[in-house]
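> sequence unknown, structure follows:
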């Protein structure tokens with residue numbers, strides 16, 4: 001079984017968790033998403049996709065881009081034959097005690113659960129990526145709940 005967590009958005013990421021305990025996490029890039037999901041489709045899988053919606057004070061152009069990206073992700077999943085569940089952030093964050101917490105808290109919880117996992121998008125990055133941490137937590141949510 002393979003568990004997938006996807007945090008859509010500009011700083012989003014995809015996490016893949018294998019039954020062996022191995023976890024891989026990648027920044028969300030359209031070309032890479034297709035090949036990753038094709039590799040996942042070969043296994044029985046569960047996918048948790050964060051449900052997104054418009055945010056107050058967010059511009060029309062950015063919301064349109066965000067929605068288009070979300071639709072692209074859903075299209076890739078459906079094309080690859082991967083069933084997914086959209087899960088509200090409040091639902092999966094509650095599992096990890098992250099309701100009303102900031103992004104740094106997501107990184108801290110992810111570090112505690114997966115201490116050896118790199119959350120840096122590139123080797124040159126100096127800062128952990130909260131989108132990568134949240135994608136990993138969503139893959140863990142899929143493992144526990146889906």
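Sure thing, it's come through. Please read these numbers as outputs of a predicted model, since none were measured by experiment.

> tell me the helix or strand right after the helix or strand hosting residue 35.
For residue 35, the host element (DSSP states H and E) is helix 30-40. For helix 30-40, the following helix or strand on the C-terminal side (DSSP H and E) is strand 45-50.

> direction included, what does that next one pair against?
Here strand 45-50 is paired, per DSSP bridges, with strand 2-7 (parallel), strand 84-87 (parallel).

> can you list contacts of the last one?
The reference is to strand 84-87. Residues from elsewhere that reach strand 84-87, judged by C-beta atoms under 8 Å, 6 or more residues apart in numbering: 4, 6, 46-51, 74, 77, 138, 141-142, 146. Backbone N, C-alpha and C define where each C-beta goes, glycine included.

> farthest-apart pair in those residues, please.
Within the contacts of strand 84-87, two members stand farthest from each other by C-beta to C-beta: 74 and 141, at 18.2 Å.

> ok, the two, which is more surrounded?
Neighbour tally, residue 74 and residue 141, criterion other C-beta atoms under 10 Å: the higher count belongs to residue 141, 24 against 15.

> which of the three states applies to that one?
Under DSSP: H, G, I helix; E, B strand; the rest coil, residue 141 falls in the helix class.

> go through the helix or strand bottoming out on mean pLDDT in the chain and flag the buried ones.
Using mean pLDDT, DSSP states H and E, helix 60-79 stands out as the lowest-scoring helix or strand of the chain, at a mean of 83. Neighbour-count burial for helix 60-79 flags 66, 69, 70, 73, 76, 77 (criterion: 16 or more other C-beta atoms under 10 Å).

> report the distance from that helix to the chain centre.
Distance of helix 60-79 from the chain centroid (C-alpha atoms, centre = their mean, to the nearest Å) equals 14 Å.

> could you give the angle of that helix to helix 30-40?
For helix 60-79 against helix 30-40, the angle by axes from the mean of the first three to the mean of the last three C-alpha atoms, to 10 degrees is 30 degrees.

> all good on my end, thank you.
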